[in-house]
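1. Quick one: sequence plus predicted model below, questions after.
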Amino acid sequence: MRSTLLTLTIFLSALQVLFSQPFTTDNYYLFPINPGQQNYLAGTMGELRSSHFHAGIDIKTGGRSGLPVYATAEGYISRIKISVGGYGYALYMTHPNGTTSVYAHLSEFEPTIAAYVKEAQYREESYEIQLFPQKDLFYFRQGEVIGYSGNTGSSSGPHLHFEIRDRNQRILDPLKFNFPEIKDNIAPVLKNVAFVTLEGNARVNQTFGRFEFDVLKTNGIYKTRVPLNLTGKVGLEIYAYDLLNGVYNRNGISRTTLLVDGDTVFSQSKTNLSFSHQRSILVHMDYPRYRQGGRKFNKLFVDDGNTNDIYTVRSEGYVFDENPHVIRVLMEDSYGNISTFETRVNDRKVVNLPDPDIQKFELFRNHLHFKATHSGDPKLIKMLFGNAATELVPYRTDRRSAYYLWDLRKGLPDSVDYCGEILHTDIYASIPPRQEISFYNHHVDLNFKKYSLFDTLYLRFKKSFNPELSEEVFEFKHRRTPLRGSVNVTLKPEYAYPENTQVYAKNSNRLNFVGGNWKDQNITFTTRELGTYVLTQDTIPPEISPQIVSPQKLYFKINDDRSGVATYRATLNGQFLLMNYEYKQNMIWANPKDENIPMVGEFTLEVTDNAGNVSTYKHEL
């Protein structure tokens, strides 16, 4: 035992030296908020977000806006952007060493930058703007104030989002640049592991599918609480996060390595990221599990369609035979703190087999997976193809249930004889990835582009009617299927609709505006998510609620409950008046060209929603 522990210690030490990118020691960069003081982070590099890997770090500001933001190194402002969502107020600074630093969600720019931006906004008559100043127009030395922290854009609370990018605009891990302001001596935390069958003959504890297991930390090593038997090609997923000193935010893990019997079979490093691969997070994490309950499990295998370049050792899963194997996962944060998961599989007999949560059947990784309860002999399940039928034999049977598999690559059944009951799977077609393909039927048309799909899509669709609402429902059963790119969808309704009817995505009782263009009584739209759609109208114009109306200040709340606000425009005596917009509070307010001159005369505010309804507010100031 002592020899085993010594070997493991030597191995971990050697791996840490191999894996840990050394910290820079030249102090080239200054921490951009409260330099020289301990700071705290709300987010780190590579964190799994809903649609992207988090770039850079999120620096806490104590719940306040308005903290000075300092130039991390000397350089010039090369890009300025203001957007309602995204990064909000953002500055991009180019440095002599070729890198670019990014400062996002700012509340204000430094005064000379702010004046330059306002002039451009009035020239373009637009709040949202992107500018590329001439080189050295705004040159700052390290430590000079370039702006003030805030909560603009898609920020969920006051903080500074900070990035460092290389000369090719690849995102680098800021924590690798010797910032003593951030303390971290806490190793990553592992909460759950999951094992996934990747082929039809693979099994996790004698069962096909995906199964999660709790872990227990013993003597510094995470282990599963129950014995595991793995056979065939199986993938491993982890739900884990990193903690930093002094805060409870669950942050991303920089590096993860999977070893089987001491051999590295998979490794990933998120110390630098490419924007062109951000969408691949949808297959890097277990997207169906995320849509099911919000937890983002990190796959330790490279799934179909995943072209990201963060994998230093790529693996599409590991093939287990029936012999015992040792699985080890090493999780390392940006500061070199390492946690270890270890389990021995196929070593003990599994007594309590998993009971998949299946309502008759599920579609899982190229297969239809059936579960049928029985009180004696298992009943037959048949795949029906016109006049032909193929009987299935259960791959596993217990006292209550029998489980069956059908590989859809062998054919798409018209229906299924499920123990005497006829089931319709609603599978219309098999759509391969990386091809331009169109699908047509009398309810819908779909046009898939070359990069619409990550993997083969077994297109499931159902058309129904809601008589209480006189509503046609077009349901694509793919809310848990990630799309790599957009798909053009044409709905072919049977009802007659007024001209201003448009498409809305329906999730429970909530409707989200999608839009669409009518042609020949059909409506076409583009989407990155195949869900449930209905056709309805928005005839109610937006709401304009005055908050403060005076020659010194103009504040309004604007809102539209159905289709959402599309545009707004304000004028004073017929001339454009800039209005800043904070969508999280539905608030707009005047930003006059000269704040020292009172706003006097006829003020007009016009707000248009996405359905084209217009509200107008007029007031004599």
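-> Yep, that arrived.
2. Every contact and neighbour count from this point should use C-alpha atoms.
-> Fine.
3. quick one, helices of the stretch 251-400 of the chain?
-> Taking DSSP state H, counting those that start in this stretch, the helices of the stretch 251-400 of the chain run over residues 281-284, 287-293.
4. who does the last one touch, helix- and strand-wise?
-> Using 3 or more Cα pairs under 8 Å, 6 or more residues apart in numbering; DSSP states H and E as the contact criterion, no secondary-structure element is in contact with helix 287-293.
5. In it, which residues are buried?
-> For helix 287-293, a neighbour-count test (16 or more other Cα atoms under 10 Å) marks 287-288 as buried.
6. mind exporting that helix as PDB, just the C-alpha atoms?
-> These are the backbone C-alpha positions of helix 287-293, laid out as PDB (Å, rounded to 0.1, in the frame of the first residue of the first chain):
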ATOM      1  CA  TYR A 287     -26.100  19.100 -24.000                       C
ATOM      2  CA  PRO A 288     -29.200  16.900 -23.400                       C
ATOM      3  CA  ARG A 289     -28.300  16.700 -19.700                       C
ATOM      4  CA  TYR A 290     -27.900  20.400 -19.500                       C
ATOM      5  CA  ARG A 291     -31.300  21.000 -21.100                       C
ATOM      6  CA  GLN A 292     -32.800  18.500 -18.800                       C
ATOM      7  CA  GLY A 293     -31.600  20.000 -15.500                       C
END
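7. So, low pLDDT: which residues of the protein?
-> Low-confidence regions of the chain, defined here as pLDDT under 70, cover residues 1-26, 375.
8. Next one: residue 360 from residue 425, what distance?
-> From residue 360 across to residue 425, the span is 11 Å (Cα to Cα, to the nearest Å).
9. out of these two, which sits in the more crowded spot?
-> Set side by side, residue 360 and residue 425 give different neighbour counts by other Cα atoms under 10 Å, the larger being at residue 425 (18 against 13).
10. list the contacts for the closest residue in space to the more buried one that isn't next to it in sequence?
-> Distance criterion Cα to Cα, 6 or more residues apart in numbering; nearest residue to residue 425, sequence neighbours excluded, is residue 415 at 6.4 Å. By Cα atoms under 8 Å, 6 or more residues apart in numbering, the contact list for residue 415 reads 383-385, 422-425.
11. do the same with residue 505
-> Here residue 505 is in contact with 511-514, 531-534 (Cα under 8 Å, 6+ apart).
12. again, 10 Å this time
-> Listed by Cα atoms under 10 Å, 6 or more residues apart in numbering, the contact partners of residue 505 are 473-475, 511-515, 529-535.
13. Helix or strand: which one has it?
-> strand 502-507 (DSSP states H and E).
14. if we can go back for a sec, looking at the contacts of residue 505, which are in strands?
-> Mapping those onto strands (DSSP state E) picks out 473-475, 511-515, 532-535.
15. In JSON lines, list those residues along with neighbour count.
-> As requested, these are arranged in JSON lines below (neighbours: other Cα atoms under 10 Å):
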{"residue": "473", "neighbour count": "18"}
{"residue": "474", "neighbour count": "23"}
{"residue": "475", "neighbour count": "19"}
{"residue": "511", "neighbour count": "18"}
{"residue": "512", "neighbour count": "15"}
{"residue": "513", "neighbour count": "18"}
{"residue": "514", "neighbour count": "17"}
{"residue": "515", "neighbour count": "20"}
{"residue": "532", "neighbour count": "21"}
{"residue": "533", "neighbour count": "22"}
{"residue": "534", "neighbour count": "20"}
{"residue": "535", "neighbour count": "22"}
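16. Nearest to residue 440, out of those: which one, please.
-> Of all the ones in strands among the contacts of residue 505, the one sitting nearest residue 440 is residue 474; the distance, using Cα to Cα, is 14.2 Å.
17. quick one, what contacts that closest one?
-> The contact partners of residue 474, by Cα under 10 Å, 6+ apart, come to 443-444, 461-465, 491-493, 505-506, 531-535.
18. Touching, residue 108 and residue 149? I think so.
-> Yes. In this structure residue 108 lies within contact range of residue 149 using Cα atoms under 10 Å: 7.3 Å.
19. Quick check: neighbours shared by these two?
-> Where contact means Cα under 10 Å, 6+ apart, the residues bridging residue 108 and residue 149 through contact with each are 65-69, 89.
20. Residue 363 - how many residues pack around it?
-> When neighbours are counted by other Cα under 10 Å, residue 363 registers 18.
21. what's near enough to touch residue 109?
-> Under the criterion of Cα under 10 Å, 6+ apart, the contact partners of residue 109 comprise 68-69, 80, 89-91, 115-117, 145-149.
22. Now render these as a markdown table, adding neighbour count, secondary structure and distance to residue 592.
-> A markdown table is the format used below for the contacts of residue 109 (neighbours: other Cα atoms under 10 Å; DSSP: H, G, I helix; E, B strand; the rest coil; distance: Cα to Cα, whole Å):
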| residue | neighbour count | secondary structure | distance to residue 592 |
| --- | --- | --- | --- |
| 68 | 20 | strand | 24 |
| 69 | 24 | strand | 25 |
| 80 | 20 | strand | 20 |
| 89 | 27 | strand | 18 |
| 90 | 25 | strand | 21 |
| 91 | 24 | strand | 22 |
| 115 | 13 | helix | 12 |
| 116 | 13 | helix | 14 |
| 117 | 21 | helix | 13 |
| 145 | 18 | strand | 24 |
| 146 | 26 | strand | 22 |
| 147 | 25 | strand | 20 |
| 148 | 22 | strand | 20 |
| 149 | 27 | coil | 22 |
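23. Nearest residue to residue 505 in space, please, no chain neighbours.
-> For residue 505, the spatially nearest residue (Cα to Cα, 6+ apart) is residue 533, at 4.6 Å.
24. swap in residue 236?
-> Distances taken as Cα to Cα, 6+ apart place residue 195 nearest to residue 236, at 4.7 Å, with adjacent residues excluded.
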